[in-house]
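Visitor: attaching a predicted model along with its sequence, questions to come.
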Amino acid sequence: MFDTALTAKDLVFLAQGAGMTLFVTAISVFFGTIMGIIFGVIRYQIGPWWAAPLTFVLDVFRSIPLLIQLVLANAFVTTVLGLRVSGFTVACSVLSLYTAAYCSEIVRGGIEAVPPTLRRAARSLGMTWGQDMTYVVLPLATRVALPSWIGLALGVMKDSALVYIVQVVELLKSTQTLITRLQEPLFLLMICGLFYFLISFPIARFGGYLEKRWSND
Amino acid sequence: MFNYNFRWNQALNSLPDMLEGALVTMEIAILSMVIGITVAILLTLFRLSGNRILYAIATTWVEIARNTPALFQIYMVHFGLGGFGIHLSPYMSLLIGIAFNNAGYLTENFRGALKAIPETQTRAARSLGMSPLQAFQNVILPQMLRISFLPMTNQMVWAILMTSLGAVVAMNTDLYGVTSELNARTFRTFELFAIAAVIFYLITKAITLSARLLAARLFRY
Amino acid sequence: MIEIQNVHKSFGALQVLKGINLTVAKGEVLTVIGGSGSGKSTLLTCINGLEQIDSGRILVDGVEVHAKSTDLNKLREKIGIVFQQWNAFPHLTVLENVMLAQIKVLKRSKSDAEAEAVRQLNHVGLADKLKVYPSRLSGGQQQRMAIARALAMSPDYMLFDEVTSALDPQLVGEVLDTLRMLASEGMTMICVTHEMKFAREVSDRVAFFHKGVMAEIAAPEELFGAPKDPELQKFLAATH
């Protein structure tokens, strides 16, 4: 059907790129979420005034292009500090912090959505702060936060396309490499786009479904 | 502590060039928003039209914009259209790519906003003799844009950040492009990109702030 | 003249109008009373074509409302309707609310529209609220604005669909006063209402709807004084 010069070897190359995209995403979302929860809880707990410095730093990650964050981090670690660190490590670190910045916002919003009266009720039943957090706040906040978190995770997957700038060969970069060699941009880009779409679309739909179901009661 | 010699002066000498790039960045972001909002209103009408084909076009647009990387979309405009013999300049590719992305996300925001407007508003307008289109234009649209104002501001910030993706189509007149050309000549990577980062930060803050002021002026009801 | 001929209408399996026949003459004030679900509100939305009907005909000045060839937007210029929920356009000032349809639908000039709007708002007692946004008005004031908005289109007929039902009790009076004034000026009106005292005072005729059927129609003295239909007797006993 298609007249293409694409070989099995090239397909493996693309698949490796796709694997890298998923790998970088998984690592960044994992660490980013943990940090995001910690930052989010801290920000909520100590109040907006004391949290201002942390809020500022996290906001910087959301106000500067990711591409520049990657270039800067790479330049800082390798030329300023003179360390030998792989692009992969830089990419995962920056993406994790980037994820954490958005995630802390989601977590804080989730906690704030839990009615204070409910928490007072929990504490007046003799629950400790930890128990209140675990059994009252966490389950309720999760309902509010999960759909946004799913959106964030998918966003990180799409944004991970930028790590090519620190020499990490993920899906889009490997596609680009093949395009340069095979000169079949449209066909190759279709494959690449389809891969992102097939992962993102169902999960996004699922997130939308959760949001709808949970906001109805 | 560091063995690295910071040369801020040398980098700061390039500031005028970078600020000029910042203007191009803002120009692209603003144009992409104007196009994006216009197209999003059109796609919203497609969705409301009750015509299956128009609905499918709108949905496809929205889902592709939201489920593939913006970088991919820009790449597609530049190299993908090239496959059809349509060759666009880096500037046009970047602008169209970002506008495509904006339109998709904004259409989705508009959908949410429409849900917040009571059905009875349309009914009231229709009972005064307005056609469906008149009711949309005069009664629904202004309310929809107001409800979507915050998401639109966020999308504008995104548009600013997305201009950096012009790198992939060899765009060299925007802030990111100018910075990376300077870098190729001087190799003061850290200093140059740190300055670019500060400029980006200031632009995004300026946008958020002016949006807030604008909202206070526009929405007095 | 509004002529309603053997109109049937159902929502799914639920029959809300079961063969209504009714004629309202120019200058007449007809009030429609009845329990909830009696079909009285549906009838109003059918008259100005906001709802389709299943069978029968509705003619307004001889024009069939539900005929394919009828320009509904044109027809609606003749028929003003005010709903239970006043539906103020929140993004426009009171003055702009009343001007909008005049400019867009009747193609009046801005100054003509403004003059008419001011006149109508004066009429309903909102002359001091012209530049205010609806969110600053009470429910009664918003409802009076909605009435002015409909009147500004210079309609030949006015339909009022339980216009006081969503109002706080202390605000009902001001809106009813506005309706009384219109009635005394000779406007042709159909009012669906729960206000029996009002119905008795202003109506030329009162119609009682029950389960999609017009069970009784008569002059107010007769209908309230000597109700014949047993359901009407029950209804009146319950509302007193």
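Guide: All right, it came through fine. Residues are numbered from 1 along each chain as shown, chains lettered A, B, ... in the order given.
Visitor: from here on, contacts and neighbour counts on C-alpha atoms
Guide: OK.
Visitor: in terms of helices and strands, where is whichever residue of chain C sits closest to chain B?
Guide: Nearest residue of chain C to chain B: residue C:73, at 4.3 Å (Cα to the nearest Cα). Using DSSP states H and E, residue C:73 falls within helix C:72-76.
Visitor: so which residues make contact with that helix?
Guide: By Cα atoms under 8 Å, 6 or more residues apart in numbering or on different chains, the residues outside helix C:72-76 that reach it are B:126-131, C:48-49, C:65.
Visitor: so which of these is the most crowded?
Guide: Comparing the contacts of helix C:72-76 by number of neighbours (other Cα atoms under 10 Å in any protein chain shown), residue B:128 comes first, having 30 neighbours.
Visitor: that one against residue C:80, yeah?
Guide: Yes: counting by Cα atoms under 8 Å, residue B:128 sits close enough to residue C:80 to count as a contact (6.9 Å).
Visitor: what ranges do the strands span in chain C?
Guide: Along chain C, the stretches classed as strands by DSSP state E are C:2-11, C:14-24, C:29-34, C:55-60, C:63-64, C:79-82, C:157-161, C:188-192, C:205-210, C:213-218.
Visitor: which regions of the chain sit below the pLDDT cut-off?
Guide: If you meant another chain, say so; for now it's chain A. Across chain A, the ranges flagged by pLDDT under 70 are A:1-3, A:216-217.
Visitor: wait, I meant chain B there
Guide: Per-residue confidence for chain B (pLDDT under 70) gives these ranges: B:1-2, B:221.
Visitor: mind listing the helices for it?
Guide: Counting by DSSP state H, chain B has helices at residues B:8-12, B:15-48, B:52-67, B:70-75, B:90-115, B:119-127, B:132-135, B:141-147, B:149-162, B:175-186, B:189-218.
Visitor: now chain C
Guide: Along chain C, counting by DSSP H, helices occupy C:40-47, C:72-76, C:94-104, C:110-123, C:139-151, C:169-184, C:196-202, C:220-225, C:230-239.
Visitor: I'd like those laid out as a markdown table, including mean pLDDT.
Guide: What follows is these, written out as a markdown table (pLDDT from 0 to 100):
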| stretch | mean pLDDT |
| --- | --- |
| helix C:40-47 | 90 |
| helix C:72-76 | 86 |
| helix C:94-104 | 95 |
| helix C:110-123 | 94 |
| helix C:139-151 | 92 |
| helix C:169-184 | 88 |
| helix C:196-202 | 89 |
| helix C:220-225 | 90 |
| helix C:230-239 | 88 |
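Visitor: out of those, flag the one nearest residue A:130.
Guide: For those, proximity to residue A:130 was assessed by Cα to Cα; helix C:139-151 is nearest, at 47.6 Å.
Visitor: surely residue B:127 and residue C:51 touch.
Guide: No: judged on Cα under 8 Å, residue B:127 makes no contact with residue C:51 at a distance of 11.0 Å.
Visitor: what sits against residue B:170?
Guide: Taking Cα under 8 Å, 6+ apart as the definition, contacts of residue B:170 comprise B:90, B:177.
Visitor: at 10 Å what do you get?
Guide: With contact taken as Cα atoms under 10 Å, 6 or more residues apart in numbering or on different chains, residue B:170 is in contact with B:89-91, B:94, B:177.
Visitor: now, among these, which is nearest to chain A?
Guide: Using Cα to the nearest Cα, residue B:177 comes nearest to chain A of the contacts of residue B:170, at 11.1 Å.
Visitor: just to revisit the earlier point, would you mind listing which of the contacts of residue B:170 are buried?
Guide: The neighbour-count test (16 or more other Cα atoms under 10 Å in any protein chain shown) marks B:90-91, B:94, B:177 as buried among those.
Visitor: how many residues are close by residue C:145?
Guide: Based on other Cα under 10 Å, the number of other residues close to residue C:145 is 30.
Visitor: measure it to residue A:133 for me?
Guide: 50 Å (Cα to Cα, to the nearest Å).
Visitor: ditto for residue C:191
Guide: Counting by Cα to Cα - residue C:191 and residue A:133 are separated by 57 Å.
Visitor: hmm, back to that, can you list the helices of chain C in TSV and add distance to residue C:33?
Guide: TSV is the format used below for the helices of chain C (distance: least, Cα to Cα, whole Å):
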stretch	distance to residue C:33
helix C:40-47	7
helix C:72-76	24
helix C:94-104	29
helix C:110-123	27
helix C:139-151	20
helix C:169-184	15
helix C:196-202	8
helix C:220-225	11
helix C:230-239	10
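Visitor: circling back: may I see the helices of chain B organised as a markdown table, with distance to residue A:167 added?
Guide: Formatted as a markdown table, these follow (distance: least, Cα to Cα, whole Å):
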| stretch | distance to residue A:167 |
| --- | --- |
| helix B:8-12 | 25 |
| helix B:15-48 | 25 |
| helix B:52-67 | 24 |
| helix B:70-75 | 16 |
| helix B:90-115 | 23 |
| helix B:119-127 | 53 |
| helix B:132-135 | 52 |
| helix B:141-147 | 42 |
| helix B:149-162 | 20 |
| helix B:175-186 | 16 |
| helix B:189-218 | 16 |
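Visitor: pull the number of nearby residues for the residue lying closest to residue C:160 once chain neighbours are set aside.
Guide: Excluding its sequence neighbours, the residue lying closest to residue C:160 (Cα to Cα, 6 or more residues apart in numbering or on different chains) is residue C:191, at 4.6 Å. By the measure other Cα under 10 Å, the count of residues near residue C:191 is 26.
Visitor: show residues contacting the helix or strand encompassing residue A:57.
Guide: Here residue A:57, judged by DSSP H and E, is contained in helix A:52-63. By Cα under 10 Å, 6+ apart, the surrounding residues in contact with helix A:52-63 are A:36, A:39-40, A:42-43, A:46, A:48-49, A:69, A:94-95, A:97-105, B:157-158, B:160-161, B:197-198, B:200-205.
Visitor: closest to the centroid, which residue in chain A?
Guide: Nearest residue to the geometric centre of chain A (Cα atoms, centre = their mean): residue A:156, 3.5 Å.
Visitor: ok, so what distance separates the residue positioned nearest the centre of chain B from chain C?
Guide: Nearest residue to the geometric centre of chain B (Cα atoms, centre = their mean): residue B:159, 3.3 Å. The gap separating residue B:159 from chain C is 28 Å, by Cα to the nearest Cα, to the nearest Å.
Visitor: how close does the closest residue to residue A:85 other than its chain neighbours sit to chain B?
Guide: Nearest residue to residue A:85, sequence neighbours excluded (Cα to Cα, 6+ apart): residue A:78, at 6.8 Å. Look at residue A:78 and chain B: by Cα to the nearest Cα, they are 10 Å apart.
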